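# no sequence for this one, just the structure:
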């Protein structure tokens, strides 16, 4: 199965992607994750101002047949969420890295960035999960 | 009786196809010491013998020709069309419509039920049903805590005592605090951690609350607090303002009054409705309208299933699976048969007849109506000699009103009287007769003491 | 039915008229007063947006809808773990006896209904081995909640804190959901390659401490009877836990063996599964729970328990978990189950166990010729097949939809989660050999279609009143009423 994994992003083992922009991180779920979920019908995002630790549950992504957790890849405060997903959850399926972005975090522990995976490591992870 | 369609020849054939020689081999995974010799249960009965036995048992219940007992379970007239519809075996022998294409009949019926409840209550969303009014109220309380992330529930006094117990049990399960409070100190009890206020109207005593005023009071004091209303006899919605017009967040009700026999208290019907904004936290099944993937026909399907236990498992807000589908079909048929005219008339009759009886009873010495607020079809009466009153009722073949002392030991002489449209003038006269005799008895009793 | 396809069912509301109908309202024979005397004006509603509809229109509407619906009375309904057995018609007659339907739950003269509750408790006690019952729960999941709350109360009464429940991955979704509602968190155990509970993992999980017990269905949703069941319950008990039996799969062991003897402490039963009461399209059901002696103090009230004096009805006790529903339980469902047990008797109940397992194995052996059956051994009342070896990317869902085209109902899809692309099949004991042969033929035809004409399978159904529906649209833009 051919998935798209942009090489300029970093990845979490729970299948979120991260784009670092100065002291902030933009987060969404990967092409593999959206494929596993199937057609996304609803995304429950956290409120702006909420603070989470890395690996906390920040929200949920609902598809017709299942629910996935949106896990924080890094610790921080939610400073922006993608309101478009309210009326158009399909953006997560059609454009997971662009229009389907989910939240923007103000990074509180920059050292955690090193714990994220590179695109090669993530590709390996997906390969092993598919077997 | 035996409903297995195999003869011995067929059984032998099937055993051979499977590749075993006898039925015992089918259970070889079960440890030998667990296998039973036989069950200590009497031999089975044929249909006529079974029916005879059950008829005998049923006659051990006294069925009165008229009733003045309500308290959460009501006698209303059920149109014959209701039994006709729920006896269609394509409906009652089916299960949850997971295969939508082969279940459009039932799915459409439940969608129509959701629609009719939504219209009657003016609430945005109605689900396909909960078990009954008491569990619907308990699940509404839990839903409120999940929406607000708060852990306290306030119950206004006047909720059916059995409902209060159920709410407490459910809340204990989830470590949610519950507190019962009187109306005059309600506002003081509204602290930051209160997720919702629960109240019943018309309440257990029969009082109709000024819902609009109550809701405003609560929301002004604690914005963000949910207000949940429960009803035990929703026929009053034929005349009273619906909860959707009164800013109620979650409205639940027992639906037995809509076409379901009393049947010793079950099955009932848990009507569950809420505002649109709480849609994704609503428990239970929801039927939605959609289109064919390739085609233009509209159809109905179970939707938003990701809320439910079979998908969300331990993250589901409720564990409900089997609900009360056939009862919701009965309610739908009842409401359709009645129509707006019938519903208004039934509600009016309940109101008028109860009011009439209240006036008649007040004329009898020793009897006092305790309600200070307007009432629907139930009210509290203080009696001079409640034991005599109850026994006189039975002598006149009337199912007596409830002794309030069953739930409130301090209310020894108080009866909860229920009057519905099925109570004729004649039956009301009989009740007043019973009341008079009991009053005379008590005077005699007093005289005897002197 | 040709009419079914031709005639579209509009929503019933479109059949309304302006005619004011008074058909079902008795005569108002008292003197009425002005409404203002009774209720303030601002309490009253304006219009009721529900049409008046002539009776004939309502009847035709529902008769037509029923013809678009499929029930056990229509044909085989092989839904795994639902036990869609035949619903005897005498039960319907019994339930409708006036002496039962007109009884009020709070009336004093209720000996008939109470007799039923006592007697069925006695019979269920004999069937399961349990000593105390409550008939309050309205469904299996409701019974699970009650059972878990009993476990919670039991430990609370001993001053021991226990926060976890062990649940195998093959469990029905209500199990973890119920555990959560009772305040527990879940430890999920993965079944081993035989579909059974791995004892070493169980032992490890139990010794961690903080485990209140285990919830098990046996036989499980794979149709497998766990041969080590006594070991499992022993390990849990030795480590201070309780064992809960999910009785949804009781059918195959009726009259064969008992949960109590397997070592279980609490049992719930699904009267609408094992005991033939109709599924009703999604209820009403009834999920009574039975417990061992030691746990009877915690039963919700009212409950029927066995004492030296015989059976008694207990209505209030400080140790009870409290009430879980108003009144006594779903009496209308209970009475049907009671009639069923009396009709079958000891012999008949045992026959149910034997024949349900015979039927399931017969069907399994027929289907495994073409379909992959991951646990290919003697099963109990149900078995699973998977879409694993199907050609051309045909899935379990496609198969299920294509089955509908042959006029029968499809098995349960995608559950249990343990097997990928699974179909769970339970014929029950009331299915004839001919009916099962037909089902097997249909499955074989579909398999051949998957090879030679996969498109017809992947775009099924074609012969139903409506084609495959857009579930995504329904969830993205929910329209829940008109």
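Done, it's in. What you see is a predicted model; the values in this text were computed from it and never measured.

# Pop the domain breakdown of chain B in here.
Annotated domains of chain B cover B:80-335, B:340-443 [automatic domain parsing].

# I'd like to know the average pLDDT value across the longest one.
By that I understand domain B:80-335. Confidence over domain B:80-335 (mean pLDDT, whole number) is 94.

# Then the last one?
In this model, domain B:340-443 carries a mean pLDDT of 96.

# Can that domain be said to contact chain C?
Yes: for domain B:340-443, a contact with chain C is found by Cβ under 8 Å from any Cβ of the partner chain, at B:340-346, B:348-349, B:351-353, B:355-356, B:374, B:399, B:402, B:406, B:421-422, B:424-425, B:428. All C-beta spots, glycine's among them, are computed from the backbone N, C-alpha and C.

# one step back: can you put the domains of chain B in TSV and add distance to chain A and mean neighbour count?
Listed next are these as TSV, based on distance: least, Cβ to the nearest Cβ, whole Å; neighbours: other Cβ atoms under 10 Å in any protein chain shown:
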stretch	distance to chain A	mean neighbour count
domain B:80-335	4	23
domain B:340-443	36	20
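
# Now do the helices in chain A.
A:31-37, A:84-87, A:91-94, A:119-130 (DSSP state H).

# Quick check: closest non-adjacent residue to residue B:147.
Computed as Cβ to Cβ, 6 or more residues apart in numbering or on different chains, the closest residue to residue B:147 that is not its neighbour in sequence is residue B:281, at 5.4 Å.

# is it true that residue A:24 touches residue A:79?
Yes: if you go by Cβ atoms under 8 Å, residue A:24 and residue A:79 touch, sitting 6.7 Å apart.

# Those two: who's more crowded?
Higher neighbour count among residue A:24 and residue A:79: residue A:24, with 16 against 13, using other Cβ atoms under 10 Å in any protein chain shown.

# residues making contact with stretch A:81-90?
A:39-43, A:45-48, A:91-92, A:99-104, C:476 (Cβ atoms under 8 Å, 6 or more residues apart in numbering or on different chains).

# Which ones, among these, also lie beside chain B?
Applying Cβ under 8 Å from any Cβ to these, one finds that A:41-42 fall near chain B.

# Quick check: which of the helices of chain A is nearest to residue C:246?
helix A:31-37 (28.8 Å; Cβ to Cβ).

# can you give me the helices for the stretch 251-400 of chain B?
B:309-312, B:325-362, B:386-395 (DSSP state H, counting those that start in this stretch).

# The ones you listed into JSON lines, with extra columns for distance to residue B:6?
JSON lines is the format used below for these (distance: least, Cβ to Cβ, whole Å):
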{"stretch": "helix B:309-312", "distance to residue B:6": "33"}
{"stretch": "helix B:325-362", "distance to residue B:6": "30"}
{"stretch": "helix B:386-395", "distance to residue B:6": "52"}
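
# Figure out which of these is closest to residue B:130.
The nearest among the helices of the stretch 251-400 of chain B, by Cβ to Cβ, is helix B:325-362 at 10.0 Å.

# Next one: the residue in the stretch 351-482 of chain C that chain A sits nearest to relative to residue B:301, how far apart?
Nearest to chain A, among the residues of the stretch 351-482 of chain C, is residue C:475, at 3.6 Å (Cβ to the nearest Cβ). As judged by Cβ to Cβ, to the nearest Å, residue C:475 and residue B:301 stand 9 Å apart.

# list the residues that contact both of the two?
residue B:288.

# Quick check, pLDDT for the residue of the stretch 351-482 of chain C closest to chain A.
91.

# List the residues that contact the residue of chain A found nearest chain B.
As assessed by Cβ to the nearest Cβ, chain B sits closest to residue A:62 within chain A, at 4.3 Å. Residues in contact with residue A:62 (Cβ under 8 Å, 6+ apart) are A:40-44, A:68, B:306, C:475.

# Export those as a markdown table, with columns for distance to residue C:429.
Shown next, in a markdown table, are those (distance: Cβ to Cβ, whole Å):
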| residue | distance to residue C:429 |
| --- | --- |
| A:40 | 43 |
| A:41 | 40 |
| A:42 | 42 |
| A:43 | 46 |
| A:44 | 45 |
| A:68 | 40 |
| B:306 | 35 |
| C:475 | 37 |
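
# Check whether stretch C:296-306 comes near chain B.
Yes: residues of stretch C:296-306 contacting chain B under Cβ under 8 Å from any Cβ: residue C:300.

# starting at the chain centroid, how far to that stretch?
Relative to its chain's centre, stretch C:296-306 lies at 23 Å (Cα atoms, centre = their mean, to the nearest Å).

# Ok, stretch C:131-141 next?
Here the centre of stretch C:131-141 is set off from its chain's centre by 13 Å, with Cα atoms, centre = their mean.

# What mean pLDDT does it get?
Stretch C:131-141 comes out with an average pLDDT of 94.

# Low-confidence regions, the stretch 251-400 of chain C specifically.
Scanning the stretch 251-400 of chain C for pLDDT under 70 picks out no residues.

# residue boundaries of the strands in it?
With DSSP state E, counting those that start in this stretch, the ranges of strands along the stretch 251-400 of chain C come out as C:266-269, C:289-291, C:303-307, C:310-314, C:383-386.

# same check, this time on chain A
Counting by DSSP state E, chain A has strands at residues A:10-11, A:16-21, A:24-29, A:40-44, A:51-52, A:57-63, A:67-71, A:76-81, A:103-107.

# Could you export those strands as a markdown table, including mean pLDDT?
A markdown table is the format used below for the strands of chain A (pLDDT from 0 to 100):
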| stretch | mean pLDDT |
| --- | --- |
| strand A:10-11 | 95 |
| strand A:16-21 | 95 |
| strand A:24-29 | 96 |
| strand A:40-44 | 93 |
| strand A:51-52 | 95 |
| strand A:57-63 | 92 |
| strand A:67-71 | 91 |
| strand A:76-81 | 96 |
| strand A:103-107 | 96 |
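
# Would you mind giving those as JSON lines with distance to residue C:422 added?
Converted to JSON lines, these look like this (distance: least, Cβ to Cβ, whole Å):
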{"stretch": "strand A:10-11", "distance to residue C:422": "31"}
{"stretch": "strand A:16-21", "distance to residue C:422": "29"}
{"stretch": "strand A:24-29", "distance to residue C:422": "26"}
{"stretch": "strand A:40-44", "distance to residue C:422": "23"}
{"stretch": "strand A:51-52", "distance to residue C:422": "36"}
{"stretch": "strand A:57-63", "distance to residue C:422": "19"}
{"stretch": "strand A:67-71", "distance to residue C:422": "19"}
{"stretch": "strand A:76-81", "distance to residue C:422": "37"}
{"stretch": "strand A:103-107", "distance to residue C:422": "35"}
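
# returning to what we had before: tell me the contacts of the residue nearest to residue B:147?
So residue B:281 contacts B:143, B:146-147, B:307, B:317 (Cβ under 8 Å, 6+ apart).

# about what we covered before: among the contacts of residue A:62, the buried ones, what's the ChimeraX command?
For the buried members of those, the matching ChimeraX selection, counting by 16 or more other Cβ atoms under 10 Å in any protein chain shown, is:
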select /A:40,41,42,43,68 /B:306 /C:475
